[in-house]
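In: Sequence and predicted structure are below.
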Amino acid sequence: MSDNFDVLVIGAGPGGYIAAIRAAQLGLKVACAEGNSYGNIDNQPRLGGTCLNVGCIPSKALLASSEEFEKISHHADIHGINVQNVNIDINKMLARKNNIVDKMTKGIEFLFKKNKITLLKGYAQFSSVDKQTGNYLLNINNQDIKELVSAKHVIIATGSKARHLPNITVDNKTICDNDGALNFADLPKKLAVIGAGVIGLELGSVWRRLGAEVTILEASPNFLSAADEGVSKESLKLLTKQGLKFNFGVKIENVENCDDAGVIIKYLDNSGNIQTLEADKLIVSVGRVPNTDNLNLNAVGLTTDERGFIPVNHDCQTSVNNIWAIGDVILGPMLAHKAEDEGVAVAERILGQKPHINYNCIPWVIYTSPEISWVGKTEQQLTKEGIEYKAGQFPFMANGRALGMAESDGFIKVLACAKTDEILGVHIVGANASDLIAEAVVAMEFKAAAEDIARICHPHPSLSEVMREAALSVDKRALNM
Ligand code: FAD
Ligand code: NAI
């Protein structure tokens, strides 16, 4: 006999583990299957998915370490602090990152126990439908045993993996995806990156700050085309000034892996001329693909789209009754907080509740320095959609707190409807953009007008005053410019 659950969640990433916790909070009998040990030698599955193990959390730990290093070695003197012989112990930095990951994955194990969620250690695969009960039967496969379980509802939260390019074999030693790029044992003297997207910028920044010469090869002729044009222009200027080298509009021809001697990359530049780039390491960061290959979806009559994503409606329901899908495995931004919100919403929908996710209010953050963040529409989108808008922009340079912190690069831009003044988008390049954007998200969720932010008291001195001044600028009445 198989174990029978109200809900079986496949995958313990931020989508899956949060869905499992919320479903358990609501009184359902819940199991969550996870098979990935993320390279740990004990081969035991680790909870937290890409985000905790090889994504958000370890990358932000390295970004923080490398930012401290850069500040101490290059920016301490402006505060009158003299520091000499600054060096970094890469192993210690990696150990710190690994400890944080460990602590957080153990935290989820604790939360599973606390919420009485059964952890099924192994990869889940659909087997069949129980004709009597209508429940789904799934195999949980791990190295030693195969377990059969049954569930009334299944939430597919299997996430995504790095997309690799044809003819470029990722060995995660010399040629790396995000996994290897979070674990370089030595500082590469020269680092090449294919793809100037979010991972290329964040991990490229980590290793540049520590001293690597970083060259980024990007296929698109444009930089960060999803961001507001003003923000992408400003951030490209700042990142270039920091020493990241960009080549846009390239076509990768061939990559030779010379192991310990590094890599040789041949590419066509934007004029069609063949170029050669030699580097000690290469990061391939050209997007991610959904994990759907090994689920045996056919067994329950599910198919993916041509890119491998599971099609769902606005409520994350698949075409098959009581099977749901959330997070990176469905279309939409591949972001941990989007996956989490979908996890909560699906658990509540299973109980008949009617939660709503406003996809227009999901914020983006890129953790470069300065950080880049936005929510809502860009100027390009508003123009394309024929929506009349007013823009207000205010620089950090004119903010006392930013000057005190020596973080005066960048600006905040508020876009508001020309007729109603409702905020349609907020775009930030500047220090602490990841936290500052939260005010804009709240404002947009409550359909606030630019005037609302302009009239709300903001603490002084603080970076948040730049948000207020940008909102005032929408009506051309900034006070400190
Ligand atoms: P995942 O986190 O991918 O989890 C899915 C889990 O399902 C995995 O553990 C997998 O092993 C498991 N699984 C797969 N198949 C099966 C199966 N058959 N049976 C059992 N288990 C299975 N997002 C942000 O919002 N902020 C960031 O700062 C950020 N930084 C990132 C940095 C990097 C380097 C990377 C790679 C990603 C980053 N992301 C970030 C994206 C974020 O990690 C993902 O959007 C998020 O993890 C998606 O969550 P998920 O639950 O859908 O999937
Ligand atoms: P991405 O989609 O952000 O960027 C990929 C880049 O590679 C694009 O600019 C694309 O034009 C380029 N590219 C594609 N094929 C190429 C080729 N053959 N040659 C050269 N360039 C090529 O993907 P990335 O950086 O891999 O990140 C994946 C996803 O992970 C992100 O989209 C995001 O959803 C998530 N993520 C989120 C983070 C955050 O929220 N701070 C941090 C890191 C990742």
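Out: Received the coordinates, thanks. Ligands and ions are numbered 1, 2, ... in the order given.
In: and residue 115, what does it touch?
Out: 20, 21, 24, 25, 30 (CB atoms under 8 Å, 6 or more residues apart in numbering). Using the backbone N, CA and C atoms, a C-beta is placed for each residue, glycine as well.
In: again, only using 7 Å
Out: 21, 24, 25 (CB atoms under 7 Å, 6 or more residues apart in numbering).
In: I'd guessed the first one sits against residue 111; true?
Out: Yes - applying CB atoms under 7 Å, one finds residue 21 in contact with residue 111, separated by 6.0 Å.
In: ok, back up a step: between the contacts of residue 115, which is nearest ligand 2?
Out: residue 21 (21.8 Å; CB to the nearest ligand atom).
In: Not counting sequence-adjacent ones, nearest residue to that closest one?
Out: Distances taken as CB to CB, 6 or more residues apart in numbering place residue 115 nearest to residue 21, at 5.4 Å, with adjacent residues excluded.
In: Closest residue of the stretch 51-200 of the chain to ligand 2?
Out: Counting by CB to the nearest ligand atom, the stretch 51-200 of the chain gets nearest ligand 2 through residue 197, at 1.7 Å.
In: and that residue, how many residues sit next to it?
Out: Using other CB atoms under 10 Å, residue 197 has 19 neighbouring residues.
In: Pretty sure it sits against residue 285.
Out: Yes - with contact defined as CB under 7 Å, residue 197 counts as touching residue 285 (6.0 Å).
In: can you pull out the helices in the stretch 101-250 of the chain?
Out: Ranges of helices in the stretch 101-250 of the chain, per DSSP state H, counting those that start in this stretch, are 178-181, 198-209, 229-242.
In: What's the separation between the closest residue to residue 70 other than its chain neighbours and residue 75?
Out: Nearest residue to residue 70, sequence neighbours excluded (CB to CB, 6+ apart): residue 209, at 4.2 Å. Distance, residue 209 to residue 75, by CB to CB, to the nearest Å: 11 Å.
In: residues contacting residue 135?
Out: Here residue 135 is in contact with 4, 150, 151, 152 (CB under 7 Å, 6+ apart).
In: Can you tell me the centre-most residue of this protein?
Out: Centroid-nearest residue in the chain, with CA atoms, centre = their mean: residue 335, separated by 4.5 Å.
In: what pLDDT does the spatially closest residue to it that is not a sequence neighbour get?
Out: Closest residue in space to residue 335, ignoring its immediate chain neighbours: residue 362 at 6.7 Å, by CB to CB, 6+ apart. With respect to pLDDT, residue 362 scores 98.
In: Could you pull up phi and psi at the residue nearest to residue 185 when sequence neighbours are not counted?
Out: Distance criterion CB to CB, 6+ apart; nearest residue to residue 185, sequence neighbours excluded, is residue 90 at 6.7 Å. Backbone dihedrals for residue 90, given as degrees, to the nearest 10, come out at phi -60, psi -40.
In: Compute the distance between the residue of the chain most remote from its centre and ligand 1, please.
Out: Distance from the C-alpha centroid of the chain, by CA atoms, centre = their mean, peaks at residue 132 (42.0 Å). Relative to ligand 1, residue 132 is positioned 25 Å away (CB to the nearest ligand atom, to the nearest Å).
In: Could you do residue 473 as well?
Out: In terms of CB to the nearest ligand atom, residue 473 sits 29 Å off from ligand 1.
In: Contact partners for that residue?
Out: So residue 473 contacts 392, 393, 394 (CB under 7 Å, 6+ apart).
In: Looking at those residues, spot the one nearest residue 175.
Out: Nearest to residue 175 among those, counting by CB to CB, is residue 393 at 41.0 Å.
In: Tell me which residues touch that closest one, please.
Out: Counted by CB under 7 Å, 6+ apart, residue 393 has contacts 411, 413, 470, 473.
In: What does the pLDDT read for the residue nearest to residue 185?
Out: 98.
In: and the contacts of residue 115, which are buried?
Out: Among the contacts of residue 115, the ones that count as buried by 16 or more other CB atoms under 10 Å are 21, 24.
In: I'd like to know the phi and psi angles of whichever residue of the stretch 301-450 of the chain sits closest to ligand 2, please.
Out: Going by CB to the nearest ligand atom, ligand 2 is nearest to residue 334 of the stretch 301-450 of the chain, at 3.3 Å. Here is the backbone geometry of residue 334 (degrees, to the nearest 10): phi -90, psi 80.
In: Any chance of the backbone angles for the closest residue to it other than its chain neighbours?
Out: Nearest residue to residue 334, sequence neighbours excluded (CB to CB, 6+ apart): residue 328, at 4.6 Å. When read as degrees, to the nearest 10, the backbone of residue 328 gives phi -70, psi -20.
In: I'd like to know how many residues surround residue 328.
Out: Residue 328: 30 neighbours (other CB under 10 Å).
In: Tell me the confidence at it?
Out: pLDDT, residue 328: 98.
In: And the helices of the stretch 101-250 of the chain: which comes nearest ligand 1?
Out: Here helix 178-181 is closest among the helices of the stretch 101-250 of the chain (CB to the nearest ligand atom), at 3.8 Å.
In: Which residues does the closest one contact?
Out: Contacts of helix 178-181 (CB under 7 Å, 6+ apart): 54, 55, 162, 172, 173, 199, 203, 283, 285.
In: and if we set it to 10 Å?
Out: 38-39, 50, 53-55, 58-59, 62, 161-162, 170-174, 188, 191, 193, 199-200, 202-204, 206-207, 281-285, 288 (CB atoms under 10 Å, 6 or more residues apart in numbering).
In: ok, of those, which come out buried?
Out: For the contacts of helix 178-181, buried by 16+ other CB under 10 Å: 38, 50, 53-55, 58-59, 62, 161-162, 170, 174, 188, 191, 193, 199-200, 202-204, 206-207, 281-285, 288.
In: Just the ones in strands from these, please.
Out: 161, 162, 191, 193, 281, 282, 283, 284, 288 (DSSP state E).
In: So which of those reach ligand 2?
Out: residue 288 (CB under 6 Å from any ligand atom).
In: Out of the ones in strands among the buried ones among the contacts of helix 178-181, give me the two with the largest separation.
Out: For those, and using CB to CB, no pair is farther apart than 161 and 191, which are 21.9 Å apart.
In: Give me the common contacts of residue 209 and residue 75.
Out: Taking CB under 10 Å, 6+ apart as the contact rule, residue 209 and residue 75 both touch residue 67.
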